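1. this one's structure only:
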């Protein structure tokens, strides 16, 4: 039970870290949708942060499986 809660918290933290590794495109890249509106594209800005987030998510799932 205790490991499952720790695993869940690690999954949430890892997911937030992965989300923070992406951000606004530095060159203001965009595309147009079918109605002609600009949609700004996201960029992969922090690769190390992304991999740390994935590692934390994996550890969280392992803890949940062990519980």
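-> That came through fine. Remember, predicted model here, so these are calculated numbers, not experimental data. Residues are numbered from 1 along each chain as shown.
2. where along this structure do the helices fall?
-> Under the criterion DSSP state H, the chain carries helices at the ranges 2-20, 47-66.
3. ok, the spatially most central residue of the chain to residue 46 distance?
-> Centrality entry for the chain: nearest residue to the mean C-alpha point is residue 18, 2.3 Å, by C-alpha atoms, centre = their mean. Residue 18 sits 10 Å away from residue 46, going by C-beta to C-beta, to the nearest Å. Every residue, glycine included, has its C-beta placed from N, CA and C.
4. same check on residue 40?
-> Residue 40 sits 18 Å away from residue 46, taking C-beta to C-beta as the criterion.
5. who has more neighbours out of these two?
-> Between residue 40 and residue 46, counted using other C-beta atoms under 10 Å, residue 46 has the larger neighbour count: 16 against 11.
6. can I get the helices of the chain in a markdown table with mean pLDDT?
-> As requested, the helices of the chain are exported to a markdown table (pLDDT from 0 to 100):
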| stretch | mean pLDDT |
| --- | --- |
| helix 2-20 | 95 |
| helix 47-66 | 96 |
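7. and residue 34, which of these is closest to it?
-> Shortest distance between residue 34 and the helices of the chain, using C-beta to C-beta, is found for helix 2-20: 27.0 Å.
8. that closest one packs against which elements?
-> Where contact means 3 or more C-beta pairs under 8 Å, 6 or more residues apart in numbering; DSSP states H and E, helix 2-20 is packed against helix 47-66.
9. which other helices and strands contact the helix it packs on?
-> Using 3+ C-beta pairs under 8 Å, 6+ apart, the elements in contact with helix 47-66 are helix 2-20.
10. for the helix it packs on, which residues meet the burial criterion?
-> With burial defined by 16 or more other C-beta atoms under 10 Å, the residues of helix 2-20 counted as buried are 7, 10, 11, 14, 17, 18.
11. with distance to residue 29 added, can I get those residues in CSV?
-> Putting the buried residues of helix 2-20 into CSV (distance: C-beta to C-beta, whole Å) gives the following:
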residue, distance to residue 29
7, 37
10, 33
11, 31
14, 27
17, 24
18, 21
